[in-house]
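J.: Have a look; sequence and predicted model below, questions after that.
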Amino acid sequence: MSSFRDKMAAKTAELGSSSERAAPERPAAVAPAEPRRSSAFKTGPGMLGALAVAQQRIQELETTSDKLMLPVNAIQPNPWQPRKIFSDEGLASLAESIREVGLVEPVVVRRADNGYQLIAGERRLRAHVLIQAEEIRASVIECSDQDMAVLALVENVGREDLTDYEIGQSLRRAEREFPTRKRMAEALGMSRKGLYRFLAFENLPDFIRRDLDLNPRLLGGSAADEVVSAIKKFGTAGLSAARELWPAVVERTLDQGKLAAAIGAQASRGESIESVSERSIEKIFSGKSHAGSITKDTNSFTVKLKTGVLSDAQETQIRELISQLFNVKPG
């Protein structure tokens, strides 16, 4: 796309559904479509309205922007940029394209102390660094902190490859622009539960967050929320268990989805990491209804069935099978 405005229009078009709200007044370029992210981002009128206003604001800013060639080292990163992982292969491909045909779309910056601050175009800027270019074509606009926070969310929240931790960091930095978290959730069209799930990362212990800074894919939002609850429930014992168990998550020998349960087991019964990491749980269904589960770990093999899901004949068959396997007299 030829302009930052068109690019933003395309992004905002992907974040709403006409079935979810009465159509607000907005620029004609913003067309509703189905959202791409999880149900936590249940787009509502507030999100659509905020994005429409953001796009209109960009249009106004672009009309008075300066187009300049700027020193690459004079551009500071966007403080609201949530993305921590950039594909080396993708950057290399972009860098080669820029080397061969030049930069198609300029980066967007604002003036800041001792230079400029990036608004949009992180990959393009990194690609210039990769090819050791000294200058980059830039569109210089006037942009407030509030505009910066909104634009960072517009550019990143709708991307499926962005991790929950990165989104949480971005939302955390943008939080100061809203009077309350309730108002923030309303403005973004998110459920409050969805918002709190992403903000749960801030309540994790420092030793976990340090590793997430290096690899944000280690822990998803739901798992983080469950871990925070488990540590809070068991206090000091929970924190100690988390400290002991976390390296197993980093080494991928303990699934992140089992971490909270492992913390609870370790804190309450002193259960070992090996026992928890080797546990498997298989749900049993009767038609579409949940009927029970089969749990296997290093110490036991347990079958649980809800009362009433078996017929008398089925119960008799199970008892007979157990009798045959273990020489148990049927009851």
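T.: Thanks, I have it. Worth saying up front: this structure is predicted, and the values here are computed from it rather than measured.
J.: where along the chain do the helices fall?
T.: Using DSSP state H, the helices of the chain run over 4-13, 45-63, 88-101, 122-130, 145-156, 164-174, 181-188, 192-199, 206-214, 221-250, 259-269, 273-277, 312-326.
J.: Point out where the stretch 101-250 of the chain drops to low pLDDT.
T.: Scanning the stretch 101-250 of the chain for pLDDT under 70 picks out 146-147, 149-150, 152-161, 187-189.
J.: Residue 300: which of the helices of the chain is closest?
T.: helix 273-277 (9.7 Å; CB to CB). Where C-beta positions appear, they are placed from N, C-alpha and C, glycine not excepted.
J.: avg pLDDT for that closest one?
T.: Across helix 273-277, pLDDT averages out at 54.
J.: got TSV for the helices of the chain, with distance to residue 108 and mean neighbour count too?
T.: Listed next are the helices of the chain as TSV, based on distance: least, CB to CB, whole Å; neighbours: other CB atoms under 10 Å:
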stretch	distance to residue 108	mean neighbour count
helix 4-13	5	20
helix 45-63	9	19
helix 88-101	16	13
helix 122-130	10	19
helix 145-156	9	21
helix 164-174	17	22
helix 181-188	22	17
helix 192-199	26	18
helix 206-214	26	14
helix 221-250	29	19
helix 259-269	40	21
helix 273-277	47	17
helix 312-326	66	11
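J.: To residue 283, which of the ones you listed lies closest?
T.: Closest among those, using CB to CB: helix 259-269, at 15.1 Å.
J.: Could you check the angle the closest one makes with helix 206-214?
T.: 160 degrees (axes from the mean of the first three to the mean of the last three CA atoms, to 10 degrees).
J.: ok, now which ones touch residue 134?
T.: 71, 72 (CB atoms under 8 Å, 6 or more residues apart in numbering).
J.: where does it fall, phi/psi-wise?
T.: Reported as degrees, to the nearest 10, the phi and psi values for residue 134 are phi -90, psi -30.
J.: Surely residue 136 and residue 107 touch.
T.: Yes. Counting by CB atoms under 8 Å, residue 136 touches residue 107, with 6.1 Å between them.
J.: Can you pull the residues that touch both of the two?
T.: With CB under 8 Å, 6+ apart as the test, residue 136 and residue 107 both reach 75, 124, 125.
J.: excluding its backbone neighbours, what's nearest the first one?
T.: Pointing back at residue 75 there. Among residues not flanking residue 75 along the chain, residue 116 sits closest, at 4.9 Å (CB to CB, 6 or more residues apart in numbering).
J.: mind checking pLDDT for residue 263?
T.: Looking at residue 263, the pLDDT reads 94.
J.: Any chance of TSV for the helices of the chain, columns distance to residue 293?
T.: Listed next are the helices of the chain as TSV, based on distance: least, CB to CB, whole Å:
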stretch	distance to residue 293
helix 4-13	43
helix 45-63	38
helix 88-101	42
helix 122-130	45
helix 145-156	38
helix 164-174	27
helix 181-188	35
helix 192-199	25
helix 206-214	29
helix 221-250	18
helix 259-269	13
helix 273-277	16
helix 312-326	15
